[in-house]
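Provided below are the primary sequence and the corresponding predicted coordinates.
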Amino acid sequence: MFLNVPYDKQYAPLFVALIAGLVALGWAPRCALEARGRARNQQIYSLLAGCGSSIHDLSRVTLSGKFQVPRFNMPFELGIAFALAQKNEHQILVYEERPRLQASLSDMNGFDPFIHGGTQEGVLYRVLDSFESSGRSLRPAELRSCTERLARVAAKAQRELGLEDPFNPFVFRQLVASAFILAQEKGFIA
Amino acid sequence: MVVESGTQRYHGPMAEMEMGHRKRPVVKHVAPPYTLAEIRDLLGITEKDMRAARRWLQSTAEEPGRKPRVKTAGVKRAVAKVASKLSD
């Protein structure tokens, strides 16, 4: 499962919720943090091509930074996924904070995004709307408890490594590994 | 599992989309049946990473039964005042 999400401090709690929720449902989250070096777009393409599904959160497609330019990375990666889906089996899921896709990306008309409202709770509900566990059905409260625990891991890792957010390749790997251990401990995955 | 949701999701090539058909059944997807070892290989999570993750989890486990500190000085003062009045 490729995660095409914004790497900013405000999005960090939602990123943690996505990892916790997806891992609990048996998915292996991957993201552009794994892409290193110069040929970043090539690596992102390879990562996306290697995943059968992708989540594209367009909630932060806004003006940002000192130049106040639109953030093109998320729509760009959605475009790559769309192209891949023409040739291969690739499931695309678009997440948004509020229903504004027709205004921001009208080329995707006819495509209902999953609205999460910008909250961890909302993200967890949308994950449960999108996917089903291969084992027993999971309750939102179960995903919430995993998310809370993972958020503590993220906070501690950031503190110890002197980072402002969890968008770091090492922290991402640690979060995914922690989420797997938690999901196994709770019996969500084998 | 196929569910009726009243929404439409894109899944697969454009030609397969039924534009404007709001009652299209939505498939809730189930993760591929990976084993944990396969997932670790896929993501490059090493045994060292797993050990580190266990340490993070251990160090962030909630401390059981720690009660919040309650300030009692004001109550003690009030009790002492009442007691001294009663003894007068």
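Thanks, I have the structure now. Residues are numbered from 1 along each chain as shown, chains lettered A, B, ... in the order given.

what is the burial count for residue A:132?
Counted with other Cβ atoms under 10 Å in any protein chain shown, the neighbours of residue A:132 add up to 18. To be clear about C-beta, it is placed using only N, CA and C from the backbone, and glycine gets the same treatment.

ok, it - contacts?
A:25, B:1, B:28-30 (Cβ atoms under 8 Å, 6 or more residues apart in numbering or on different chains).

which of those fall in strands?
Under the assignment DSSP state E, the contacts of residue A:132 contribute B:29-30 to strands.

can you flag the buried ones in the contacts of residue A:132?
A:25, B:29 (16 or more other Cβ atoms under 10 Å in any protein chain shown).

could you dump the contacts of residue A:132 to TSV with distance to residue B:37 and pLDDT?
Below are the contacts of residue A:132 laid out as TSV (distance: Cβ to Cβ, whole Å; pLDDT from 0 to 100):
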residue	distance to residue B:37	pLDDT
A:25	18	92
B:1	27	38
B:28	26	77
B:29	22	78
B:30	20	81
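
show me the contact partners of stretch A:31-40.
Residues from elsewhere that reach stretch A:31-40 (Cβ under 8 Å, 6+ apart): A:2-5, A:7, A:43-44, A:47, A:73, A:77, A:167-169, A:172, B:43-44.

helices along chain A, start to end?
For chain A, the helices defined by DSSP state H cover A:12-24, A:40-49, A:73-87, A:101-104, A:120-130, A:140-161, A:169-185.

grab the nearest non-local neighbour of residue B:60.
Nearest non-adjacent residue to residue B:60, counting by Cβ to Cβ, 6 or more residues apart in numbering or on different chains: residue A:152, 3.9 Å away.

okay, that neighbour: pLDDT?
Here the pLDDT value assigned to residue A:152 is 95.

equivalent analysis for residue B:25, please.
Confidence at residue B:25, expressed as pLDDT, is 50.

doesn't residue B:77 belong to a helix?
Yes. Per DSSP: H, G, I helix; E, B strand; the rest coil, residue B:77 lies within a helix segment.

state the distance from it to residue B:83.
11 Å (Cβ to Cβ, to the nearest Å).

and the helices of chain A, which one is worst for confidence?
Mean pLDDT per stretch puts helix A:101-104 lowest among the helices of chain A, at a mean of 82.

circling back to that earlier point, burial count for the residue nearest to residue B:60?
18.

and if you look at residue A:42?
11.

how far away is it from chain B?
18 Å (Cβ to the nearest Cβ, to the nearest Å).

please apply the same query to residue A:127.
To chain B, residue A:127 is 11 Å away according to Cβ to the nearest Cβ.

the residue nearest to that residue when sequence neighbours are not counted: neighbour count?
Spatial nearest neighbour of residue A:127, excluding adjacent residues (Cβ to Cβ, 6+ apart): residue A:21 at 3.7 Å. Per other Cβ under 10 Å, the neighbour tally for residue A:21 reads 29.

before we move on, what about residue A:55?
Other residues near residue A:55 number 27, with proximity taken as other Cβ under 10 Å.

look up the closest residue to it, ignoring the ones flanking it.
residue A:93 (4.9 Å).

residues contacting residue A:121?
Residue A:121 makes contact with A:140, A:144, according to Cβ under 8 Å, 6+ apart.

state the distance from it to residue A:147.
Taking Cβ to Cβ, one finds residue A:121 at 9 Å from residue A:147.

so which of the helices of chain A is nearest residue A:62?
Of all the helices of chain A, helix A:101-104 sits nearest to residue A:62, with 9.3 Å by Cβ to Cβ.

does chain B sit close to the closest one?
No. Judged by Cβ under 8 Å from any Cβ of the partner chain, helix A:101-104 stays clear of chain B, getting no closer than 11.7 Å.

so where's chain B shaky on pLDDT?
Along chain B, segments meeting pLDDT under 70 span B:1-27, B:63-71, B:88.

surely the residue nearest to residue A:127 meets residue A:124?
Yes. Contact criterion Cβ atoms under 8 Å: residue A:21 and residue A:124 qualify, at 5.1 Å.
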